[in-house]
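# what's the 3D shape of this:
(one chain, ligands or ions: 1)
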Amino acid sequence: MPEGDVLLRAARRLTAALADEPLVRGELRWPAYGGLDLAGLRSLGTVSYGKHLLTRFDDGSTLHTHLRMDGTWRVEHAPGLRSRDRDPNVRAVLATTRWTCRGYLLGMVDVVRTRDERDLIGHLGPHLLADDAEEHVPAAAAVLVTRAPATVGAALLDQTVAAGIGTIWMAETLFRHRINPWRPVTDLTVDEATALLTTASRLMLTSANSPAAPGTRGSVPIAAHGREGRPCPRCGTPIAVGRVGTPPQDRPAFYCPACQPR
Ligand SMILES: [Zn+2]
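Take a look at the predicted model:
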């Protein structure tokens, strides 16, 4: 599932592509909005909030999209690629004369008044990729430690605690702090939880703001996530994987059994 760093990059791409001209096409392939035509509207920019995207328009409306598991926004400089609109996985098309943004396999699509955006995202904890995220981390940490009986791994994934972390940044954050994903949240101090959320915020922002290379997200080296059976970069023990959270919402958690003991 795309995480906060990927969503911030997507928001920047959409903002840049739609900045200069009104939409020449704006279509939503979504049951509630089949007849809605967004052509003629001007984008005021797209922002991310956790894993959500908010594209604001000059008529006071906001298009809300969420990628869920498999969604993606692709931005292409090619008015000639109209045949791609017929792809059955396309859920949204926002196009100017120069750029076409297609949302594939989007998991949520809503159109609301911009002033009502809180109805969609008000239940979420603070956005960990905001410019002022670290100001809001202590309050989120105070919530995190109350989420018994959750484990630390599951609580970091809980978007109502703090918004943006997925399985990659949960694993990488806990690895860096040598904390076992199955430790009960009630066993953490607020200072420890603050340190975890601060690290997650910084890792995601670094990832979003720097170019990727093999084995990295942005310039952040990936130590644990997706490396089952490969040596821990700190101690050489093979990285292991288990599940955190309650089925069917359980998710994989990669960790070093030696550096992050139960
Ligand atoms: Zn290790």
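
# contacts, neighbours, all on C-alpha from now
OK.

# For residue 44, give me phi and psi.
phi -100, psi 10 (degrees, to the nearest 10).

# right, I mislabeled it, should have said residue 50
Dihedral angles for residue 50 - degrees, to the nearest 10 - are phi 60, psi -120.

# Quick check: closest non-adjacent residue to residue 197.
Ranked by Cα to Cα, 6 or more residues apart in numbering and with sequence neighbours excluded, the top spatial neighbour of residue 197 is residue 137, at 6.4 Å.

# quick one: pLDDT of that neighbour?
For residue 137, the pLDDT comes out at 98.

# Also residue 80?
pLDDT, residue 80: 66.

# And for residue 69?
On the pLDDT scale, residue 69 gets 89.

# that older thread, can you name the element that comes right after the helix or strand hosting the residue nearest to residue 197?
If you go by DSSP states H and E, residue 137 is part of helix 133-144. Next along the chain after helix 133-144, taking DSSP H and E as the criterion, comes helix 152-157.

# Show me what that next one is packed against.
With contacts defined as 3 or more Cα pairs under 8 Å, 6 or more residues apart in numbering; DSSP states H and E, the packing partners of helix 152-157 are helix 167-177.

# So the helix it packs on, near the ion or not?
No: Helix 167-177 lies out of reach of the ion by Cα under 5 Å from the ion, never closer than 8.3 Å.

# what residues does the very next helix or strand once past that helix touch?
Downstream of helix 167-177, the next assigned helix or strand under DSSP H and E is helix 190-209. Here helix 190-209 makes contact (Cα atoms under 8 Å, 6 or more residues apart in numbering) with 4-6, 8-9, 128-129, 133-134, 137-138, 140-142, 144-145, 156, 165, 169-170, 173-174, 177, 217-220.

# Over to stretch 177-184?
Against stretch 177-184 from outside (Cα under 8 Å, 6+ apart): 148-154, 171, 174, 196, 244, 253, 255, 259-262.

# What is the neighbour count of residue 85?
Residue 85: 15 surrounding residues under other Cα atoms under 10 Å.

# Residue 187 now?
12.

# Equivalent analysis for residue 176, please.
Around residue 176 there are 16 residues (other Cα under 10 Å).

# do the same with the one 4 residues further on
Neighbour count for residue 180, taken as other Cα under 10 Å: 23.
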